[in-house]
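Have a look at this fold, sequence not included:
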């Protein structure tokens, strides 16, 4: 293995470590039902710095770690929850990297890519909730339109916090990394 590949693997290992730490920290920063999810940032950073596959790898790591806190959903649909958790952030990292590459890797591309991660993550989660767990929510709500509540109260607030954090912090961190590489 050449030196560049070794360095890339080491750097991805560091990003994975940061991902794990941010996942642990994020679960403890809450205001009501909303949490400040910092763990989507490394997905975008990896996608922009190294490419779509690397963004997907960090996203898959995020999804695997998410499974440890998803016992409730695992009890409802074990296989569906595993697929949902791994796919939502894996696909978000992949698409973020592809868009960054397509937009010629400029500063605007970092903002777009960092916004895409929470958008795709939330969209796929909503799709999963409305298909995989729909019958549970309908039974729990006695047939009322509970998905609207889930989307607005539980997911909507988290989404806006996630997208704000991502589009502010990810481009800033990316810029700092790029500046430090030049020195």
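On my side now, so go ahead. The structure displayed is predicted, hence computed values, not measured ones.

CA atoms for contacts and neighbours, from now on please.
Noted.

got a list of what the residue most central in space within the chain touches?
For the chain, residue 40 is the residue whose C-alpha lies nearest the centre (Cα atoms, centre = their mean; 3.9 Å). By Cα atoms under 8 Å, 6 or more residues apart in numbering, the contact list for residue 40 reads 59, 62, 117-118, 162, 166.

go on, residue 57?
Residue 57 makes contacts with 90, 93, as judged by Cα under 8 Å, 6+ apart.

Mind checking what helix or strand follows the helix or strand of the chain with the lowest mean pLDDT in sequence?
Every helix and strand in the chain was compared by mean pLDDT, DSSP states H and E; the lowest is helix 146-149, with a mean of 62. For helix 146-149, the following helix or strand on the C-terminal side (DSSP states H and E) is helix 157-182.

list the helices and strands that next one packs on?
strand 34-35, helix 41-50, helix 107-132 (3 or more Cα pairs under 8 Å, 6 or more residues apart in numbering; DSSP states H and E).

By mean pLDDT, show me the worst of those.
Sorting the helices and strands packed on helix 157-182 by mean pLDDT places strand 34-35 lowest, at a mean of 66.

For the closest residue to residue 44 other than its chain neighbours, give its distance to residue 161.
The shortest distance from residue 44 to any residue other than its chain neighbours is 5.5 Å, reached at residue 114 (Cα to Cα, 6 or more residues apart in numbering). Separation of residue 114 from residue 161 (Cα to Cα, to the nearest Å): 13 Å.

Quick check: next helix or strand after the helix or strand residue 73 falls within?
Using DSSP H and E, residue 73 sits within helix 71-76. Sequence-wise, the next helix or strand downstream of helix 71-76 (DSSP H and E) is helix 78-102.

Next, the buried residues of that following helix.
Of all the residues in helix 78-102, those buried under the rule 16 or more other Cα atoms under 10 Å are 80-82, 84-101.

which helices and strands does it pack with?
When contacts are defined as 3+ Cα pairs under 8 Å, 6+ apart, helix 78-102 packs onto helix 41-50, helix 52-67, helix 71-76, helix 107-132.
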